[in-house]
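[1] any chance you could fold what I've pasted below:
(one chain, ligands or ions: 1)
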Amino acid sequence: MEANEKRYDDMIYRRCGRSGILLPAISLGLWHNFGSVDVFSRFIRIAHTAFDNGITHFDLANNYGPVYGSAEENFGQILKKGLGRYRDELIISSKAGYDMWPGPYGNWGSRKYLMASLDQSLKRMGLDYVDIFYSHRPDPLTPVEETMGALADIVRQGKALYAGISNYNDIETKAALAALKKHQVPCLIHQPKYSMFERWVEPKLLPLLKDEGVGLIAFSPLAQGLLTNRYLNGIPENSRAARPTGFLQRNQVTEEIIAKVRKLNDIAIARGQTLAEMALAWLLKDERVSSVLIGASSVEQLLDNLKALGNLQFTKEELNSIESILS
Ligand SMILES: NC(=O)c1ccc[n+]([C@@H]2O[C@H](COP(=O)([O-])OP(=O)(O)OC[C@H]3O[C@@H](n4cnc5c(N)ncnc54)[C@H](OP(=O)(O)O)[C@@H]3O)[C@@H](O)[C@H]2O)c1
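    This next block holds a predicted model:
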């Protein structure tokens with residue numbers, strides 16, 4: 001594989017918190033579309049197109065698939081077949097925190113689980129280290145000091161270069177950051193769900209992360225496809241909501257949601273963007289958002305999403321109209 005020479009020309013890179021890392025404004029996640037149920041020839045093209053367009057960050061987790069582990073195995077194959085030549089140009093992340101293997105040590109936030117899971121992830125991807133390793137969710141029954149101690153030791157061992165947390169609310173985040181500080185391992189990044197339809201991060205988490213110098217990468221920025229033109233005329237056969245393995249259920253595509261989507265789509269058209277482009281631009285207008293972490297089931301979707309970077313500015317009128325639709 002020979003990557004596009006001009007791959008860094010058009011991408012915007014943002015500093016991730018107070019760290020040395022610059023992230024592409026758009027990153028690619030492998031939660032869906034890269035599992036053993038998906039088509040290798042299609043997703044290898046998506047991965048290469050991403051890198052050819054300056055997307056240097058690929059986000060995984062132990063149980064992405066289905067089946068669990070298969071997205072990491074497939075990404076390992078993509079690396080082996082060529083992308084791995086560019087390892088030093090890539091930020092690869094993985095996580096542990098949700099259900100992965102049977103028994104009491106294959107879930108949540110124990111040191112036992114995190115350590116074993118990362119070793120498995122590295123094997124599946126054929127890597128010596130990941131760039132970021134996340135605690136995928138807070139564990140109410142494990143002391144946060146144990147979970148963060150495991151992340152800190154993983155960084156010390158060199159199996160991950162940076163530590164991250166995901167799905168922690170502001171109170172849990174404060175506790176996690178304090179625990180990591182005791183180990184003198186900074187938290188590089190927080191990965192929460194954030195989109196026009198899911199704004200829980202705005203009042204407390206965003207300002208906290210800014211103050212603490214921690215980056216934010218927004219997952220499911222298109223609300224799994226709802227914030228695109230995908231469902232404007234029903235539920236297409238091959239869409240996430242129609243697929244048995246998808247995490248978006250048919251009953252989440254409601255008339256009420258689609259009525260809002262139609263109105264948002266009209267604003268996007270008036271801006272000369274698709275709704276997907278506008279939904280990503282709307283998040284990226286806030287400089288505190290280091291990156292938006294998209295999924296894509298085709299090269300066309302990925303290329304459409306990249307076009308968001310062409311216009312990240314909104315007029316006051318556009319912002320007010322969007323607010324009134326969302327409220
Ligand atoms: N930390 C966590 O707990 C957590 C949880 C969830 C996700 N994540 C991360 O976030 C990543 C992204 O999540 P996501 O896949 O839900 O993100 P998303 O970008 O909100 O949704 C992606 C889906 O939207 C549709 N889509 C994308 N671009 C489109 C376009 N231009 N036009 C029309 N439809 C378009 C596709 O659906 P179709 O498949 O229907 O074509 C695609 O699979 C994951 O891969 C993972 O890395 C993390």
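[2] does the closest residue to residue 128 other than its chain neighbours count as helix, strand or coil?
    Of all residues not flanking residue 128 in the chain, residue 122 sits nearest, at 6.9 Å (CB to CB, 6 or more residues apart in numbering). Quick note: C-beta positions are derived from backbone N, CA and C, even for glycine. Following DSSP: H, G, I helix; E, B strand; the rest coil, we place residue 122 in the helix state.
[3] correct me if wrong: residue 122 contacts residue 160.
    No: look at residue 122 against residue 160 with CB atoms under 8 Å: they stay out of range, at 9.4 Å.
[4] joint contacts of those two?
    Shared contacts of residue 122 and residue 160, defined by CB atoms under 8 Å, 6 or more residues apart in numbering, comprise 129-130.
[5] given whichever helix or strand residue 189 is part of, what are its sheet partners and their directions?
    For residue 189, the host element (DSSP states H and E) is strand 187-191. Strand pairing for strand 187-191, determined by DSSP bridges: strand 160-166 (parallel), strand 215-219 (parallel).
[6] the last one and the ligand in contact?
    Yes: Strand 215-219 reaches the ligand (CB under 6 Å from any ligand atom) through residue 219.
[7] mind listing what's buried along the biggest helix by length in the chain?
    Ranked by number of residues, the top helix in the chain under DSSP state H is helix 255-271. By neighbour count on 16 or more other CB atoms under 10 Å, the buried set for helix 255-271 is 258, 260-261, 264-265, 267-268, 271.
[8] one more: stretch 126-139?
    Within stretch 126-139, the residues scored as buried using 16+ other CB under 10 Å are 127, 129-139.
[9] straight-line length of it, end to end?
    Using CA to CA, to the nearest Å, the end-to-end distance of stretch 126-139 comes to 29 Å.
[10] mind checking how far that stretch is from the chain centre?
    Centroid displacement of stretch 126-139 relative to its chain, using CA atoms, centre = their mean, to the nearest Å, is 13 Å.
[11] pLDDT on that stretch, on average?
    Stretch 126-139 shows a mean pLDDT of 98.
[12] that older thread, the residue nearest to residue 128: what's it in contact with?
    By CB under 8 Å, 6+ apart, the contact set of residue 122 is 128-130, 159.
[13] residues of the stretch 101-250 of the chain that sit close to the ligand?
    Counting by CB under 6 Å from any ligand atom, the stretch 101-250 of the chain sits next to the ligand at 136, 166-167, 191, 219-225, 228-230, 239-240.
[14] now, those residues that are in strands?
    Among these, the members falling in strands (DSSP state E) are 166, 191, 219.
[15] can you pick the most crowded of these?
    Highest neighbour count within those: residue 191, with 26 neighbours (other CB atoms under 10 Å).
[16] that one and residue 267, how far apart?
    28 Å (CB to CB, to the nearest Å).
[17] go on, residue 250?
    Counting by CB to CB - residue 250 and residue 267 are separated by 26 Å.
[18] the longest helix of the chain packs against which elements?
    Under the contact definition 3 or more CB pairs under 8 Å, 6 or more residues apart in numbering; DSSP states H and E, helix 255-271 sits against helix 275-284, helix 316-326.
[19] where along the stretch 1-150 of the chain do the helices fall?
    40-52, 70-80, 111-125, 144-156 (DSSP state H, counting those that start in this stretch).
[20] what would these look like in JSON lines with distance to residue 34?
    Below are the helices of the stretch 1-150 of the chain laid out as JSON lines (distance: least, CB to CB, whole Å):
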{"stretch": "helix 40-52", "distance to residue 34": "5"}
{"stretch": "helix 70-80", "distance to residue 34": "4"}
{"stretch": "helix 111-125", "distance to residue 34": "12"}
{"stretch": "helix 144-156", "distance to residue 34": "24"}
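[21] among these, which is nearest residue 234?
    With respect to residue 234, and counting by CB to CB, the nearest of those is helix 40-52 at 23.3 Å.
[22] wait, doesn't residue 10 sit right on residue 26?
    No: the criterion here is CB under 8 Å, and residue 10 misses it with residue 26 at 10.8 Å.
[23] what touches both of these two?
    With CB under 8 Å, 6+ apart, residue 10 and residue 26 have common neighbours 306, 309.
[24] ok, the two, which is more surrounded?
    Neighbours per residue (other CB under 10 Å) separate residue 10 from residue 26, with residue 26 holding more: 24 against 12.
[25] if I look at the more buried one, how far off is the ligand?
    Distance, residue 26 to the ligand, using CB to the nearest ligand atom, to the nearest Å: 10 Å.
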